[in-house]
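[1] Predicted model and sequence follow; I will ask about them next.
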Amino acid sequence: MNGIIAATIVWLIVGAWLLRQLGKQKEGTVGLAIAYFVLFAMVHIPGALAYLDPGFAPSPPWIVEAGYELATWAIVAFAVGVYLANRFPLTLRQPRGKLSSPRLYRLAISLYVFGLFTEIVLMPVLGRVPTLTAVLVGFTNVSIAGVCLGLYGAFKSKSAALLRHWTLLTLLFPLISLIGSAFLGAGVYSMIVVVCFAYFFARRVPPRYILVGIGLIYVGLSFFVVYLDERDELRRAVWIEGRGFEHRVDSVMDMFSKFEWFDPSNRNHLEAIDRRLNQNFFLGLAKTRVESGQEELAGGRTFVFAITGLIPRVIWPNKPSIGGGGDIVADYTGLTFRNTSVGVGQVFEFYINFGFIGVLLGMAIFGGTVQIVDRTSARGLSTNNPRLFILAFLPGVAMMQVEGTMVEVTTSAVSSVLSALLIIYLFNRYFRVSSQKKTALA
């Protein structure tokens, strides 16, 4: 157990160091690197800390500890990649004009509504069409960009009313995700990306806000335990029975009626954490099986899938189906999964392909890539060029899939670039002005 405590201390040091490094960036930051850190920590730290209870061991503790230590090395490598990416100068062409505050506000609202319309209306209807699905997935993240732009405008104008407005929309992401698709994770993911964005533009975060944030984390963890017990019924209503909006709202409200505070001494609560927020077990088990010779390293095979996955089925109709995350995890852990989604994540995939060195190099490169995208997005805001912000931020958000395969990450990032280009085209026409007063978006 001493290994879990020591690793957790390393996590805290890395997180504090990242906050300090990102806060010193010349062009600012949109918080993508710290968002990845938080999302990555969510699926590793709670599950590891649960095993500090000596009476709790649904899985072999030494396997969980081995996976947690590997994840700790991975986040250190990620931070090193972020640091190295900050050492290189970022040279980008300056925009031609300036987007006024009213137009920025209208753009933010339009992006938010467009993203929600895609998620709630278009995805259920067109989400099964090959190739079109990839573009629609990119569109769903547009609402995140919209809220970030809205918060950015509120901070610039120092408007408390606008800040409250956009903060409320941020907090609604998990609820909208639950009602729209019966998934809590997607909404929490969106909210964390926005909160990390806002943190670096708030200049100074009052202590009471930090206390409120800690309280919200505890409330969220408490609701998460209830959600795991009740999600199957909600998903049956949404996916299978196709019930209407009113029934979905009733189902979500029923979850809140069963709310109970998280209790670390409650075995049922710890088991809920272990089931969903403990990627360490899969990592540790795969590491053990590879080291014992039960499994051989893939040698980059899954990364070939990431490349072929970029080819649309419109161009390659007979493209072979690529095994999902559950298939990869099952192959390298020897476990069988039925009727459940299993996250893979970059660390797992780097390890099963190239071992420990692959984790270090892969996560350093991944961290550097995230940071370059982050700096480009921030440059778009600092130079009043929302076009550049959208073009970089959307694929950056797609890279936040800490439990996704490289196939999912690469295809989502590319589709997000295409989505960004379409958004820019649509809003170029909408915000077009005279040649004497062109904005950064025109």
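    Received it, and whenever you're ready, just let me know what you need. Predicted model only: the values in this text are computed from it and were never measured. Numbering: from 1, shown residues only.
[2] Helices of the stretch 301-442 of the chain, residue ranges please.
    Listed in chain order, the helices of the stretch 301-442 of the chain (DSSP state H, counting those that start in this stretch) span 301-308, 325-333, 346-382, 386-398, 406-430.
[3] tell me the most buried of those?
    Mean neighbour count (mean count of other Cβ atoms under 10 Å) peaks for helix 386-398 among the helices of the stretch 301-442 of the chain, with a mean of 26. In this view, the C-beta of every residue, glycine as well, is placed from N, C-alpha and C.
[4] Mind giving me the packing neighbours of that helix?
    The helices and strands touching helix 386-398, judged by 3 or more Cβ pairs under 8 Å, 6 or more residues apart in numbering; DSSP states H and E, are helix 32-42, helix 101-117, helix 142-157, helix 346-382, helix 406-430.
[5] Any chance you could list what contacts that helix?
    Residues outside helix 386-398 that contact it (Cβ atoms under 8 Å, 6 or more residues apart in numbering) are 30, 32, 92, 95, 99, 104, 107, 111, 138, 141-142, 144-145, 148-149, 193, 370, 373-374, 376-377, 379-381, 409, 412-417, 419-421, 423-424, 428, 440-441.
[6] Turn the helices of the stretch 301-442 of the chain into a markdown table, columns for distance to Asp250 and mean pLDDT.
    Shown next, in a markdown table, are the helices of the stretch 301-442 of the chain (distance: least, Cβ to Cβ, whole Å; pLDDT from 0 to 100):
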| stretch | distance to Asp250 | mean pLDDT |
| --- | --- | --- |
| helix 301-308 | 41 | 74 |
| helix 325-333 | 31 | 77 |
| helix 346-382 | 38 | 94 |
| helix 386-398 | 31 | 92 |
| helix 406-430 | 32 | 82 |
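[7] Compare the ones you listed and give me the one nearest Phe200.
    The closest of these to Phe200 is helix 346-382. By Cβ to Cβ, the value is 8.6 Å.
[8] Taking helix 142-157 as reference, get the angle to that closest one.
    40 degrees (axes from the mean of the first three to the mean of the last three Cα atoms, to 10 degrees).
[9] Select the helix or strand of the protein having the lowest average pLDDT value.
    helix 123-126 (a mean of 67; mean pLDDT, DSSP states H and E).
[10] Now do the same contact list for Val142.
    Each residue near Val142 by Cβ under 8 Å, 6+ apart is listed here: Leu111, Tyr112, Phe114, Gly115, Thr118, Leu394, Ser419, Ile423.
[11] Same check on Thr336?
    Ala330.
[12] make it 6 Å
    Not one residue lies near Thr336 by Cβ atoms under 6 Å, 6 or more residues apart in numbering.
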